[in-house]
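In: Give me the fold of what follows.
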Amino acid sequence: MLIKSVRGFTPEYGEGCYFAENASIIGDLKLGNKCSVWFQAVIRADVNSIRIGDRVNIQDGVVIHATFEKASTIIGNDVSIGHKAIVHGCKIDDSVLVGMGSIIMDDCIIGSNSIIAAGCVLPKGTIVPPNTIYAGVPGKKIKTVSDFLQKNEIERIAKSYITYSSWFK
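Out: Modelled structure (predicted):
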């Protein structure tokens, strides 16, 4: 794993985290407890801060970045960010599932218990209300998150990645 200091900032992380050997964490980054950063994922907090809560999984090939002097990135607790997603200068509340290959741009706000479908693109400034599913290019609301989806997708995936990371420690 690459841990790199930039501009006087060194990444900080909580207890029980897992970092794949070729994951990169850089700069003004704070990760909570029981997070996992998977193969070829890059969290680059060189131009602005990135704050990530507890039990967040950042899957293979994900890029998390921010915008210099304009947009930091804030990610809540129990968030799953699917393979090859790009998360840039936005805010993601607790218990969100970001699908594979999604792109979330600057100044977006993703409400809690939401799902961003695989391949969805959220243009700058998109507001996703809590408990909604967004899909498409550009992303639009397609339905409300049911209790079933909240428990059997959002919650299940977040918990599963804690188990998966234990296999590598």
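In: CA only for contacts and neighbour counts going forward, please
Out: Noted.
In: Next, the buried residues of the worst-scoring helix or strand of the chain on mean pLDDT.
Out: Ranked by mean pLDDT, DSSP states H and E, the weakest helix or strand in the chain is helix 147-149, scoring a mean of 94. Under the neighbour-count criterion of 16 or more other CA atoms under 10 Å, helix 147-149 has residue 149 buried.
In: Does residue 100 touch residue 86 like I think?
Out: No. The criterion here is CA atoms under 8 Å, and residue 100 misses it with residue 86 at 9.2 Å.
In: Quick check, central residue of the protein?
Out: residue 81 (4.4 Å; CA atoms, centre = their mean).
In: can you pull the contacts of that one?
Out: By CA atoms under 8 Å, 6 or more residues apart in numbering, the residues touching residue 81 are 56, 57, 58, 59, 62, 97, 98, 99, 100.
In: before we move on, what about residue 21?
Out: 1, 2, 39.
In: do residue 143 as well
Out: Residue 143 is in contact with 132, 133, 134, counting by CA under 8 Å, 6+ apart.
In: please redo it, this time with the cut-off set to 10 Å
Out: If you count contacts by CA atoms under 10 Å, 6 or more residues apart in numbering, residue 143 has them with 115, 131, 132, 133, 134, 135.
In: Now the two most distant members of those.
Out: 131 and 135 (13.5 Å; CA to CA).
In: about what we covered before: give the next helix or strand downstream of the least confident helix or strand of the chain.
Out: Per DSSP states H and E, the first helix or strand lying C-terminal to helix 147-149 is helix 156-166.
In: tell me which element the residue lying closest to residue 5 once chain neighbours are set aside is part of?
Out: Among residues not flanking residue 5 along the chain, residue 27 sits closest, at 5.0 Å (CA to CA, 6 or more residues apart in numbering). Following DSSP H and E, one finds residue 27 within strand 24-31.
In: now for the helix or strand just after that strand, which elements pack on it?
Out: Going down the chain from strand 24-31, the next helix or strand is strand 36-37, by DSSP H and E. Judged by 3 or more CA pairs under 10 Å, 6 or more residues apart in numbering; DSSP states H and E, the packing partners of strand 36-37 are strand 18-19, strand 57-58, helix 156-166.
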